[in-house]
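Asker: What follows is a predicted protein model with its sequence.
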Amino acid sequence: MKPREIKKNVFWVGAIDWDRRLFDSLIPLPDGTSYNAYLIKGKEKVALIDSVDPTMTEALLSQLESFDRLDWLISLHAEQDHSGAIPEVLKKYEMAKVITSSQAKGMLIDLLHLPEERIIEVKDGERISLGEKTLRFLYTPWVHWPETMCVYLEEEKILFSCDFFGSHLATTDLYVTDEGRVVEAAKRYYAEIMMPFRKIIQKNLEKLAPLPLEIIAPSHGPLYNKPEFIIRAYRDWVDDKPKNLVIIPYVSMHGSTARMVSYLVGALGEKGIEVRQFNLPEIDIGKLAISLVDAATVVLGTPTVHVGAHPAAILAASLLNILRPKVKLVTLIGSYGWSTKMVEQITGLINNIKAEILPPVLAKGTPREADFKALDDLANLIAQKHEQLNLKE
Ligand code: FEO
């Protein structure tokens, strides 16, 4: 690709990765991704904001050929999908220095073995001038890792937002053209990397709120030239109120747990509660993560394997614990053959979740009438609790 001009002397010089299907060897990327790097040409200095994933170094270096110098490489985030090509850029521009946050400095040295003398630290709120263009650094921790920051180009009102507001989308569109598609991808991204730090993300949003913004330029996915909708979406995701939504991730071996799930979905649906069920061995866990952003209740469905939960359910419980959604109620349903320790096991796996644990419903063998009655009682209890919680309309 060639550099694409965003505003006069401000260019996108990133790489589009159409084929990547997994991030961090965990997160499905159904639509690929992009690694956005930006070059700003001032009258006195030229700065590159971030690099690209090391697998795409050549795409970045070939675009840099269009520019005769580089003074500063601004690293907003030490993760390798943005920093991985920095060593090659520094080799090419022997006088260039890396500008980064104090915490990122150590991380870049550890991860990439960058020489310390080529790194300049900037403080939160500090400005640097490229001539007629001014960059202001804004620490925004935990928009993935603790060292992340944004940088604001004051004259052009562009926020280079790092992973904040990003979306894993491979597209030739420089700017968002389909808001619905981008919101879905950005929500998946928020759920997977920012939801555990929801309260800090709230603070970051407040910190950025006074900035006049014409463009948000994230480090993944298309840029926002009408940024209001994505800021509105983020405010919705980070606030404290969940929706009248139950999600049921489940796995079934011989059909007993599946029957229980199906019955509970019907019983909750009759009470006007939205329910989404996810058959764990077959789902894209990104879809489950998206639903966790809004859910008030999680019901995990699993049979007993020997005496514990099915490994797929254990993985789902671990994911719940890592992502720390704002769910208020959690419980377990499922079946067992002769004995089970699933409840103790699963509750022990979700210590990070500040939710009330409702009484589980466990059927011995194929569920009987009494088990379905217990599922009716559970549906009633969930409905009653949802009434009492101050849920989002
Ligand atoms: Fe896109 Fe956290 O790196």
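Answerer: It's in.

Asker: Lys97 and Asp71: what is the separation?
Answerer: Separation of Lys97 from Asp71 (C-beta to C-beta, to the nearest Å): 7 Å. (Glycine included, C-beta is placed from N, CA and C.)

Asker: burial count for whichever residue of the stretch 151-300 of the chain sits closest to the ligand?
Answerer: Proximity of the stretch 151-300 of the chain to the ligand (C-beta to the nearest ligand atom) peaks at Asp163, 4.5 Å away. Asp163 is flanked by 24 other residues according to other C-beta atoms under 10 Å.

Asker: which residues touch it?
Answerer: Asp163 sits next to 77, 79, 143-144, 148, 189, 193-194, 218-220 when contact means C-beta atoms under 8 Å, 6 or more residues apart in numbering.

Asker: among the residues you listed, which are within reach of the ligand?
Answerer: Checked against the ligand using C-beta under 6 Å from any ligand atom, the contacts of Asp163 yield the following neighbours: 77, 79, 144, 219-220.

Asker: show me where the stretch 201-350 of the chain has helices.
Answerer: For the stretch 201-350 of the chain, applying DSSP state H, counting those that start in this stretch gives helices covering 228-238, 256-270, 285-292, 311-323, 342-349.

Asker: Contacts only, for Gly125.
Answerer: 136-138.

Asker: Take these and lay them out in TSV including distance to Ile273, neighbour count and pLDDT.
Answerer: Compiled in TSV, the contacts of Gly125 are given as follows (distance: C-beta to C-beta, whole Å; neighbours: other C-beta atoms under 10 Å; pLDDT from 0 to 100):
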residue	distance to Ile273	neighbour count	pLDDT
Arg136	46	17	98
Phe137	45	21	98
Leu138	40	20	98
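
Asker: Dump these into JSON lines; add distance to the ligand and secondary structure as well.
Answerer: Compiled in JSON lines, the contacts of Gly125 are given as follows (distance: C-beta to the nearest ligand atom, whole Å; DSSP: H, G, I helix; E, B strand; the rest coil):
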{"residue": "Arg136", "distance to the ligand": "22", "secondary structure": "strand"}
{"residue": "Phe137", "distance to the ligand": "18", "secondary structure": "strand"}
{"residue": "Leu138", "distance to the ligand": "17", "secondary structure": "strand"}
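
Asker: could the helices of the stretch 201-350 of the chain go into JSON lines alongside mean pLDDT and distance to Ala85?
Answerer: Listed next are the helices of the stretch 201-350 of the chain as JSON lines, based on pLDDT from 0 to 100; distance: least, C-beta to C-beta, whole Å:
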{"stretch": "helix 228-238", "mean pLDDT": "98", "distance to Ala85": "27"}
{"stretch": "helix 256-270", "mean pLDDT": "98", "distance to Ala85": "46"}
{"stretch": "helix 285-292", "mean pLDDT": "95", "distance to Ala85": "26"}
{"stretch": "helix 311-323", "mean pLDDT": "97", "distance to Ala85": "29"}
{"stretch": "helix 342-349", "mean pLDDT": "96", "distance to Ala85": "38"}
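
Asker: Any chance of the ones you listed in a markdown table with mean neighbour count and distance to Gly180 as columns?
Answerer: Shown next, in a markdown table, are the helices of the stretch 201-350 of the chain (neighbours: other C-beta atoms under 10 Å; distance: least, C-beta to C-beta, whole Å):
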| stretch | mean neighbour count | distance to Gly180 |
| --- | --- | --- |
| helix 228-238 | 17 | 10 |
| helix 256-270 | 20 | 25 |
| helix 285-292 | 21 | 13 |
| helix 311-323 | 19 | 23 |
| helix 342-349 | 18 | 35 |
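
Asker: Would you reformat those helices as JSON lines and include distance to the ligand?
Answerer: Shown next, in JSON lines, are those (distance: least, C-beta to the nearest ligand atom, whole Å):
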{"stretch": "helix 228-238", "distance to the ligand": "16"}
{"stretch": "helix 256-270", "distance to the ligand": "34"}
{"stretch": "helix 285-292", "distance to the ligand": "15"}
{"stretch": "helix 311-323", "distance to the ligand": "15"}
{"stretch": "helix 342-349", "distance to the ligand": "25"}
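
Asker: Give the helix, strand or coil label for Asp173.
Answerer: Here Asp173 is coil, with the state taken from DSSP: H, G, I helix; E, B strand; the rest coil.
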